[in-house]
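Q: Provided below are the primary sequence and the corresponding predicted coordinates.
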Amino acid sequence: MKKWVFWLVILLLGYKAFQQIAGGLPMDAGSEHTQTQAVTPKEGYQTIKIAKDQVYQGNLLLVNREHPVHNEGVKSDVVDLYHNMELVRGYSLLDSSIKVSESVAKVFLEMVEAAEKDNVSHFMINSGYRDFDEQEQLYEEMGPELAMPGGYSEHNLGLAIDIGSTQMKMEQAPEGKWLGENAWKYGFILRYPEDKRAVTGTVFEPWHYRYVGLPHSAIIQDHHFALEEYLDYVRENEHLSVQVDGETYEIIYYPVSRDTTIDLPVNRYYTISGDNMGGIIVTLYPENEKPQQE
């Protein structure tokens with residue numbers, strides 16, 4: 001090989017490596033085993049490692065007939081409420097078998113206490129967390145119109161609560177009306193609205209509330225989204241800046257196909273949730289404001 005050709009090849013390889021470093025790409029971006037970036041985060045930012053299975057964990061997971069619950073998605077802090085009565089104040093339990101994520105139960109308790117100040121005080125939790133076998137048994141008993149198969153229900157996560165009133169059906173109860181107007185303030189959404197069956201594939205369930213957290217519940221309330229529509233909205237926009245009660249939040253979507261890294265501000269609280277569809281959603285909170293639950 002002539003010397004000038006040899007040196008030309010060396011220069012081209014060096015230029016390619018320079019482009020990769022300047023662009024913040026891994027030196028071997030095509031390799032599935034590449035885990036680290038070749039550049040350090042800019043000042044004021046920190047590098048966070050994101051594992052591929054993070055897609056299946058978090059408060060924003062979409063669970064329906066097309067997107068099942070993965071084992072990683074089940075909340076690790078599920079508790080038996082009957083044996084944790086400090087979490088049961090101002091409302092009753094249908095029976096002694098009710099379970100739910102402890103962190104969600106604490107936010108629910110805060111919400112019930114707020115409702116009591118508005119003279120709405122006859123709440124009951126009728127159902128919470130179910131394991132896959134319990135859900136499958138319910139599916140076999142009630143059929144596909146009224147229940148999801150095991151592994152395809154939000155109740156398998158620990159984030160969903162069936163809320164009732166001890167006075168009357170939720171459609172007419174003051175408790176149902178109060179939740180419809182105020183549940184979003186505490187991070188809860190009505191998961192299956194009456195006019196969203198074509199989107200959710202599920203009949204109207206005025207009792208079924210799902211925890212997603214702020215600011216997501218506020219956006220869903222304002223836009224009258226079903227969860228499916230909201231996750232599409234986040235994915236399409238990729239980076240949202242929203243104000244809730246005068247405070248600014250940022251919501252950022254990242255597709256995730258393998259273990260990777262992202263850079264986040266060091267002076268902001270944040271949460272990371274998978275969407276159960278191939279991506280993660282990062283929520284940046286206002287300075288000095290912590291998430292409702294971490």
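A: Thanks, I have the structure now.
Q: just checking, what's the longest strand in the protein?
A: Ranked by residue count, the top strand of the chain under DSSP state E comes out as strand 247-255.
Q: Now do the helix or strand where M111 lies, average pLDDT.
A: According to DSSP states H and E, M111 maps onto helix 102-117. Average pLDDT, helix 102-117: 97.
Q: returning to what we had before: the longest strand of the chain: which residues count as buried?
A: By neighbour count with 16 or more other Cβ atoms under 10 Å, strand 247-255 contains the buried residues Y249, E250, I251, I252, Y253, Y254. C-betas here are computed from N, CA, C, even on glycine.
Q: Rebuild the residues you listed as CSV, extending it with pLDDT and distance to H239.
A: Conversion of the buried residues of strand 247-255 to CSV gives the following (pLDDT from 0 to 100; distance: Cβ to Cβ, whole Å):
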residue, pLDDT, distance to H239
Y249, 96, 12
E250, 97, 7
I251, 98, 7
I252, 97, 5
Y253, 98, 7
Y254, 97, 10
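Q: Nearest to V63 among those residues?
A: Y253 (18.3 Å; Cβ to Cβ).
Q: Now do the contacts for the closest one.
A: Listed by Cβ atoms under 8 Å, 6 or more residues apart in numbering, the contact set of Y253 reads V234, R235, N237, E238, H239, D275, G279, I280, I281, V282.
Q: again, only this time at 6 Å
A: V234, R235, E238, G279, I281 (Cβ atoms under 6 Å, 6 or more residues apart in numbering).
Q: can you check G180 too?
A: G180 touches nothing, counting by Cβ under 6 Å, 6+ apart.
Q: low-scoring stretches of this protein, by residue?
A: Scanning the chain for pLDDT under 70 picks out 1-41, 293-294.
Q: switch to 80 and redo it
A: Within the chain, the segments meeting pLDDT under 80 span 1-42, 288, 292-294.
Q: which residue ranges form the helices in it?
A: 3-22, 102-117, 132-142, 174-182, 197-200, 216-223, 227-237 (DSSP state H).
Q: what number of residues lie near V199?
A: Around V199 there are 16 other residues, counting by other Cβ atoms under 10 Å.
Q: For the residue nearest to it when sequence neighbours are not counted, give its distance to L87.
A: Take V199 and drop its neighbours on the chain: the residue closest to it by Cβ to Cβ, 6 or more residues apart in numbering is A226, 4.4 Å away. Using Cβ to Cβ, to the nearest Å, one gets 29 Å for the distance from A226 to L87.
Q: if you count what's nearby, which of those two comes out ahead?
A: A226 (23 against 18).
Q: just checking, the more buried one touches T200?
A: Yes: with contacts counted by Cβ atoms under 6 Å, A226 reaches T200, the gap being 5.2 Å.
Q: Could you give the number of residues near the spatially closest residue to F132 that is not a sequence neighbour?
A: Distance criterion Cβ to Cβ, 6+ apart; nearest residue to F132, sequence neighbours excluded, is G150 at 4.1 Å. G150 has 20 neighbouring residues, counting by other Cβ under 10 Å.
Q: With A198 instead?
A: A198, neighbours per other Cβ under 10 Å, totals 7.
Q: give the contact list for it.
A: Applying Cβ under 6 Å, 6+ apart, no residues qualify as near A198.
Q: do you know how far it is from F204?
A: Distance, A198 to F204, by Cβ to Cβ: 12 Å.
Q: L227 now?
A: From L227 to F204 the distance is 15 Å (Cβ to Cβ).
Q: who's more crowded, the two?
A: Taking other Cβ under 10 Å, L227 and F204 do not tie; L227 has more neighbours (24 against 15).
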